[in-house]
Structure formats: C-alpha cells, structure tokens
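Student: Structural data only, the sequence is not supplied:
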C-alpha cells in the first residue's frame, strides 16, 4: 500500500479520479474472502493472496478518497465533508459490531467471531466498484461557490514521481510524520487490546459503541473546523491542543490498565466487576483516533498550494499511514507488544511528536510566511480562493 499510494498520482494521470476510485475498491473482496476461508476452514493461501491484491488496489483507493473528500466540497464545508467521509469509514465497524453482537450475544468467553460476519463484508466490498461508478467526475461537480473542481493530473508520470518525492521531503511534511505515526499506530494497539482482554460479545459491543463515538466526535470536530466566524489560527490551535491533552490522558489511563492486565491476564465480560475501566480505555482510544485522523486531513489541506498537490499530499499521508500501521500491526503480533509494549511505544510517539507538529500547526492561519509562499495563512482552498472570497451569494459562511 505504501508503494501504490506513492504512485497514485501517476495512476490518476491515466484513468482519472473516478477510474482510480473504482480500481481501488477491487482488492477488498478477495481479502475479505480470504479472512472468511481462514476463519471457517483454516485456509491461509487466500489470506496472503487477498492481502497482496488489497495492498495493490487499496493504496490508490486511500489516496483518491482522501483527495476527493478534501477537494470536492466548498472550503467552508470541508470540515463537515471530512466528518461525513470518516463517518462512512467507520460505518463498517458499526455494522460489523452490530452483527457480531446479535450473533454472539451469548458468548461471554474469549474466542473468535462467527464466520457469518465475513459473508456480509464480502457482499458489501464486492459492491464497492459499482458504488464508485456513481461518483461524479470532478468537472461535473457543481459547488455553491461556482468554482470548478480541477482535481486532475496533467503532467507526465516522471514529473509526478519527482513532485511527490519533493513534497515528501519538504520540512512541513517531514515535521508531521511523527504526528501521523502517533495517530495511526494506535489502531492496531487498541484493537489488539480489545481482542486480548475481553470476551467475544464484549468485543462486539466495543466495536459497535466505538464506531458510534467516532462518528459523533468526528462530526463535531468537522463542525468546529468549519466555523469561519472563529479565526482559522484559533481553530487550528485549539483543536491541536485539545488532541494533545486528551490523547495524553488516554495513554496514561491505558498504561496503568494494561500494566495491571499483564500481571492478572483477565478476560472481561460486561457482567464482570472491573469491566468498565478497561473497556473505557478502548472507547476513548477510538475517540482519539477519529479526531486525530480528521485533524491530519485538515493539516494537509493547508499544506497544499493547488489541487495537484492535494492528490500528492493525500497520497503521501495515506502512504505514511500505511507504513506506520504496517509497523504497528507487525509489532503487536509479538506477545509483549500486544500486552503492553504497543501502548508504551504509542505513548512515547505521542510525546515526541508534539513539538514537530506544533511547528507546522502554529503557522496555519498565520501570515508570517514561515514556509515562504507555501503557507497561505488563511482559510484558503487549494484552488487559490479563501472562504471569505468563495461564499455563494445566497449563503452565509454558516450555511
């Protein structure tokens, strides 16, 4: 996925945004089928093949869906758009949790989920390409501000490869690499934590409730980031420090609980005393992941100077995310990391990522020109217009 993310702009150059989205959906169903056969029959070869196919296509999907979510909406609706996009992202978790909960309601012990769940996901993922065909091409999008969405790559492939590499080594992107890491590393950590210490039905409940919490906090964050009556600088800084403080609290909580669990090796069900504190760790880490994730795209929106760079930065963000998650899932396959090491490492990542990320965030909405012409310092969209300049005549900023 890291490689396919990197070459996403080249793929979009030849088949366009819509074609790239359709292509990106094609690897998910074989991977889900592999998980199904492994769960039911113990087959491993299809898991490996499915994972490879998913890796080839999903990197493109990740990059192009992020670029669409950033570039299609009007600037003053971008936070809401990101919130809705991430809502759809966790709908699978909510649906899966609800199905698991209904099928495994009596399973109050440790174990694996029912294979029936995978059939539902295979069906949904197989329909992905057909749904992607419903997407409007960028030139057909009608925005309230009247601006056209110019989300296309017109340069030759070699230019795109070099431009993507140059975008990666720019200081403002390198400074957020650790921040990306502390945000996305946690997904493997909290899912492993849930699977390790809780019963089947408690895990299903966690997946369901965690998804609902993620939807709520994601949309609230998007709503706040769209409040153009609040200066952009204030929105960026308040959100950043809210994430820093709350994420630090969740990691302290998780460190205490996981250290205790490593000694006692429990399997908690919702009927057990002591269930609440441990279960709360999972729910709030899910909360933290969602708000972190949305804020990453807010940052990237303000790094891009034009819509070509939107695609490149979206690809780099998703590629960097894939690399961090490959490390996190690999490490959490080790017993000591699954139990406590992953949480300890993520706590450290959070601590060392704060200063570099702040060096970028503090210039969002500022006109000090720290990044030369690369820091626009306003609510400017990648097409070069500020939100104040692009409000539809019949709408206010709050529309």
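Tutor: That came through, no problem. Predicted model only: the values in this text are computed from it and were never measured.

Student: low-confidence ranges in the stretch 51-200 of the chain?
Tutor: Applying pLDDT under 70 to the stretch 51-200 of the chain flags residues 104, 107-114, 152-155.

Student: for it, what spans make up the helices?
Tutor: Along the stretch 51-200 of the chain, counting by DSSP state H, counting those that start in this stretch, helices occupy 78-103, 116-126, 128-132, 157-169, 171-174, 177-197, 200-225.

Student: Give me the packing partners of the helix or strand harbouring residue 237, helices and strands only.
Tutor: In this structure, residue 237 is located in helix 232-264 according to DSSP states H and E. The contact analysis (3 or more Cβ pairs under 8 Å, 6 or more residues apart in numbering; DSSP states H and E) places helix 232-264 against helix 177-197, helix 200-225, helix 275-301, helix 342-361. For glycine as for every other residue, the C-beta is placed from the backbone atoms N, C-alpha and C.

Student: buried residues in that helix?
Tutor: 232-233, 235-237, 239-240, 243-244, 246-247, 250-251, 253-255, 257-258, 261-262 (16 or more other Cβ atoms under 10 Å).

Student: wait, which of the helices of the stretch 51-200 of the chain is closest to residue 33?
Tutor: Between residue 33 and the helices of the stretch 51-200 of the chain, the shortest gap by Cβ to Cβ is with helix 116-126, which sits at 5.6 Å.

Student: If we go by neighbour counts, what in that closest one is buried?
Tutor: Across helix 116-126, burial judged by 16+ other Cβ under 10 Å covers 117, 118, 121, 122, 124, 125, 126.

Student: What ranges in the stretch 251-399 of the chain fall below the confidence cut-off?
Tutor: The stretch 251-399 of the chain contains residues with pLDDT under 70 at 368-399.

Student: what's the distance between the residue nearest to the spatial centre of the chain and residue 317?
Tutor: In the chain, the residue lying closest to the centroid (Cα atoms, centre = their mean) is residue 293, at 4.8 Å. Residue 293 sits 10 Å away from residue 317, going by Cβ to Cβ, to the nearest Å.

Student: repeat for residue 220
Tutor: Distance from residue 220 to residue 317, by Cβ to Cβ: 22 Å.

Student: With adjacent residues omitted, what lies nearest to residue 211?
Tutor: Excluding its sequence neighbours, the residue lying closest to residue 211 (Cβ to Cβ, 6 or more residues apart in numbering) is residue 94, at 3.6 Å.

Student: for the one you found, what are its contacts?
Tutor: Contacts for residue 94 (Cβ atoms under 8 Å, 6 or more residues apart in numbering) come out as 207, 208, 211, 212, 215.

Student: my guess is the last one meets residue 87, correct?
Tutor: Yes - in this structure residue 215 lies within contact range of residue 87 using Cβ atoms under 8 Å: 4.9 Å.

Student: More neighbours: which of these two?
Tutor: Set side by side, residue 215 and residue 87 show more neighbours around residue 215, with 21 against 18, by other Cβ atoms under 10 Å.

Student: need the contact list for that one.
Tutor: With contact taken as Cβ under 8 Å, 6+ apart, residue 215 is in contact with 86, 87, 90, 94, 290.

Student: For the first one, which non-adjacent residue is closest in space?
Tutor: When you say that, I think you mean residue 86. residue 218 (4.6 Å).

Student: can you count the residues close to the one you found?
Tutor: 25.

Student: got the contact list for it?
Tutor: Under the criterion of Cβ under 8 Å, 6+ apart, the contact list for residue 218 reads 82, 83, 86, 87, 90, 290, 291, 293, 294.

Student: okay if I get these as TSV plus distance to residue 47?
Tutor: Formatted as TSV, those follow (distance: Cβ to Cβ, whole Å):
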residue	distance to residue 47
82	32
83	33
86	27
87	29
90	24
290	28
291	32
293	26
294	31
